[in-house]
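# All I have is the shape, not the residue letters:
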């Protein structure tokens, strides 16, 4: 036992010293790591596929997780350096220039990796819609029977207000076997009223229904809340204008009381205490511009 | 005659177990348990796919290492310990000895692959919170991985019948790598303008094992199983290739002078 004491002490001290030294090296390395964190990818997808032998699926998973970590890391960094919660429309500020490359390598290694295309369809349009379109076209070529990729591509064209192409993509997707009936209806709707709010709402509903990705579902939920807010804003502005027109001196209201007296059938929900209309998250809207206009409460989760 | 071969096979299996070859299963189990627990956080809902990719790739990698490093030592150890002389002094042929050794290691690999397959199945049941069709769909891929390992083992045996273990391991590893590129050799041959190059590359394509026939891990992770006809032909290709390699190994080993 006595003989073993010295080696054990050396072992423990040695381990302690290793931890301390590693900590010191990491500290020095942080600056360099930050400088090289966005270094270009060494391998393109085809080279990675050749080098991965029979392990291309595993390599694809590694690139997939790297893509998620890349975006996640940027979001964490953004939240650390900015006030307020990160929103989807802040994506363009993150400088995600490696994402398209990472997803390209992922999908070259594993062309059937549908979640990678879907992830690209949600994130890339905020950075580069062209790269998102390239990725989805690649996905459709490798998975011709996946109508969900058509749905995502149609959504990107719709975002670009290219309703003709959106309609064509939905129509192509609608011809696939096992596709839900609404794909064909969406094709027609895109052509007839692509820019309308109802068309947008319908598109988001279907995206929410069909997606399994919690990030996509959350993004869609926010878009739907925003559409509700835009609808509410129209109704409230109409009521405020009516109030102003029918008040004795043409003044705007100072509180919500009485504003909706002439609009009993409205679909708005109200705060029983103040009579203020509530947004979809239950937070009261606020009067702005001396009561002549309406806006979201700063604490509301609904995106502007 | 078969009884003697089986006795050598049984002995080779026992030796592998005694050499703690199956300890790799512990590492494999840890890898799978770790992935099943932590992948949920990292993979955005793709745990099952990643478990299949990781599990089957580890099965192939660990199996290939065992096939290479144990395979190249099968004959060499017996020569080094001089036990080979005692064995060959008995009424047993050199070919029988080699085949027995091969069957023993194949049995070790079978146990390894089956236990790992059960491990992947259980990990899938865990992440999917119940029985999932994917847990059954991985088994055709596991069978094909086993056939690939059988070929690698036979290649290792061929090299070890005339070369040192280090060189045999290196050469077998090269065959493993080139075997996954052999389809490219054919493609390259077809696109070559020179008749000699085309002939040479075609020859290499048929000579080297086409291991990409057994690479179905990525498709399996998406629940796509290989077509039965393709799988059967691939298995038959593996069996025939192994028979050819064992015949070659026997031929070389039979001519070897141990004096």
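Received the coordinates, thanks. Just so it is clear, the structure is predicted and the values come from calculations on it, not from any experiment.

# Show me which residues of chain B are close to chain A?
B:42-46, B:49-50, B:52-54, B:57, B:60-61, B:148, B:177, B:180-181, B:184, B:211-212, B:214-215, B:217-219, B:221-222, B:224 (CB under 8 Å from any CB of the partner chain). From N, CA and C alone the C-beta is placed, and that goes for glycine too.

# Which members of those occur in strands, if any?
Per DSSP state E, strands hold no members of those.

# which residue ranges form the helices in the stretch 101-250 of chain A?
A:114-127, A:129-142, A:147-159, A:163-174, A:182-193, A:197-210, A:214-246 (DSSP state H, counting those that start in this stretch).

# how about the fourth one: buried residues?
Under the neighbour-count criterion of 16 or more other CB atoms under 10 Å in any protein chain shown, helix A:163-174 has A:163, A:165, A:166, A:167, A:168, A:169, A:170, A:171, A:172, A:173, A:174 buried.

# Same check on the last one?
Neighbour-count burial for helix A:214-246, counted by 16+ other CB under 10 Å, picks out A:215-216, A:219-220, A:222-229, A:231-233, A:235-236, A:239-240, A:243-244.

# helices or strands next to that helix in the packing?
helix A:114-127, helix A:197-210, strand A:293-295 (3 or more CB pairs under 8 Å, 6 or more residues apart in numbering or on different chains; DSSP states H and E).

# Tell me the one among the buried residues of helix A:163-174 nearest to residue B:190.
residue A:172 (33.9 Å; CB to CB).

# Next, the contact list for the residue lying closest to residue A:166 once chain neighbours are set aside, please.
Take residue A:166 and drop its neighbours on the chain: the residue closest to it by CB to CB, 6 or more residues apart in numbering or on different chains is residue A:157, 3.8 Å away. The contact partners of residue A:157, taken as CB atoms under 8 Å, 6 or more residues apart in numbering or on different chains, are A:133, A:163, A:165, A:166, A:169.

# switch to 10 Å and redo it
A:125, A:129, A:133, A:136, A:163-170, A:190, A:194 (CB atoms under 10 Å, 6 or more residues apart in numbering or on different chains).

# What of residue A:186?
A:150-151, A:154-155, A:158, A:166-167, A:169-171, A:173-174, A:180, A:194, A:199, A:202-203, A:206.

# what's the distance between residue A:49 and residue A:153?
24 Å (CB to CB, to the nearest Å).

# Which one's more surrounded, these two?
Shown here are residue A:49 and residue A:153; by other CB atoms under 10 Å in any protein chain shown, residue A:153 has more neighbours (26 against 18).

# Hmm, residue A:117 and the more buried one touching each other?
Yes: here residue A:153 reaches residue A:117: they are 9.4 Å apart, a contact under CB atoms under 10 Å.

# what do these two both touch?
A:132, A:135, A:136, A:137, A:139, A:140.

# what's the nearest residue to the second one if we skip its chain neighbours?
Once flanking residues are discounted, residue A:135 sits nearest to residue A:120: 4.4 Å by CB to CB, 6+ apart.

# pretty sure that neighbour contacts residue A:126?
No: using CB under 10 Å, residue A:120 is not in contact with residue A:126, being 11.0 Å away.

# Mind listing the shared neighbours of those two?
residue A:132.

# Where does the prediction get shaky in the chain?
If you meant another chain, say so; for now it's chain A. Residue ranges of chain A with pLDDT under 70: A:1, A:29-40, A:264-265.

# other chain: chain B
Looking at chain B by pLDDT under 70, you get B:1, B:40-41, B:43, B:259.

# Which residue lies nearest the spatial centre of it?
residue B:149 (1.0 Å; CA atoms, centre = their mean).

# Report the separation between it and residue A:53.
14 Å.

# Need the nearest residue in space to the residue of the stretch 101-250 of chain B at minimum distance from chain A, chain neighbours excluded.
The nearest approach of the stretch 101-250 of chain B to chain A comes at residue B:218, 3.4 Å away (CB to the nearest CB). Distances taken as CB to CB, 6+ apart place residue A:57 nearest to residue B:218, at 3.4 Å, with adjacent residues excluded.

# Great, nothing more from me.
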